[in-house]
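Asks: Build the 3D model from these lines:
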Amino acid sequence: MSRSRFCSTERAGRALLTLPQALHHAVRDYPGGATAIAAVDGDTNPTTLNHKLSLTNTTHTPNIRDLELILDLTRDQRIVEAILHPIGWVGVDVSDLRETDTPRALLTGIGDMLARESGLTLHLSKSLDDGDIDADELDEFELLAERLVHAVFRLGAAVRRANREGVVYG
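Replies: This is a model prediction of the structure:
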């Protein structure tokens with residue numbers, strides 16, 4: 001088993017995470033962190049929540065209530081991916097399309113992702129021929145593939161919205 005050459009923060013942006021990792025990073029990235037999340041809830045002690053989200057603490061673990069609170073406040077896709085990916089499912093949230101999520105902008109983003117995915121796929125293909133698959137590259141490929149599916153579904157939602165609104169893009 002090879003050891004990852006990335007730190008926790010870099011890995012969070014390059015690979016699908018486990019549920020504890022996803023919760024940890026979602027809360028860390030949320031403005032105000034665990035303290036802000038605990039304040040919204042009112043019944044949660046911020047120190048206890050921090051202990052539950054620590055990747056090294058094994059005596060406290062998040063419960064379903066913590067999961068629900070964190071997911072509701074952060075709406076962090078990494079949590080959904082961590083829950084669904086191990087069972088072969090993909091979850092896509094299209095409920096929060098922004099004004100900037102126009103079909104053209106989403107197509108541009110998909111094009112950029114496809115270019116990155118193409119280079120990585122070519123590299124993985126060569127690695128498969130050599131019998132030497134790098135775990136970090138495989139992780140990155142899985143993440144990009146899942147993000148591409150998300151982007152395509154968001155594009156579909158944006159096109160439906162534009163169609164309903166009769167928007168003309170020129």
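Asks: How many residues are close by residue 53?
Replies: The number of residues packed around residue 53, counting by other Cβ atoms under 10 Å, is 24. To be clear about C-beta, it is placed using only N, CA and C from the backbone, and glycine gets the same treatment.
Asks: Find the nearest non-adjacent residue to it, please.
Replies: residue 24 (4.8 Å; Cβ to Cβ, 6 or more residues apart in numbering).
Asks: from memory that neighbour sits against residue 54, does it?
Replies: Yes: using Cβ atoms under 8 Å, residue 24 makes contact with residue 54 at a distance of 7.4 Å.
Asks: CA atoms only for the helix or strand encompassing residue 27, dumped as PDB, please.
Replies: Residue 27 is part of helix 19-29 when elements are defined by DSSP states H and E. Only the C-alpha atoms of helix 19-29 are listed here, as PDB (Å, rounded to 0.1, in the frame of the first residue of the first chain):
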ATOM      1  CA  LEU A  19     -17.500  10.400   6.100                       C
ATOM      2  CA  PRO A  20     -15.400  11.500   9.000                       C
ATOM      3  CA  GLN A  21     -13.000  13.300   6.700                       C
ATOM      4  CA  ALA A  22     -15.900  15.000   4.800                       C
ATOM      5  CA  LEU A  23     -17.600  16.100   8.100                       C
ATOM      6  CA  HIS A  24     -14.300  17.500   9.400                       C
ATOM      7  CA  HIS A  25     -13.500  19.500   6.200                       C
ATOM      8  CA  ALA A  26     -17.100  20.700   5.800                       C
ATOM      9  CA  VAL A  27     -17.100  22.100   9.300                       C
ATOM     10  CA  ARG A  28     -13.600  23.500   9.000                       C
ATOM     11  CA  ASP A  29     -14.600  25.300   5.800                       C
END
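Asks: Counting neighbours, go ahead and name the busier of residue 24 and residue 54.
Replies: Taking other Cβ under 10 Å, residue 24 and residue 54 do not tie; residue 24 has more neighbours (23 against 14).
Asks: mind checking how far residue 81 is from residue 67?
Replies: Per Cβ to Cβ, to the nearest Å, residue 81 is found 14 Å from residue 67.
Asks: returning to what we had before: now do the same for the residue nearest to residue 53: its pLDDT.
Replies: On pLDDT, residue 24 comes in at 96.
Asks: residues in contact with it?
Replies: For residue 24, the contact set (Cβ atoms under 8 Å, 6 or more residues apart in numbering) comprises 53, 54, 55.
Asks: helix/strand/coil for residue 122?
Replies: Put simply, residue 122 is helix when judged by DSSP: H, G, I helix; E, B strand; the rest coil.
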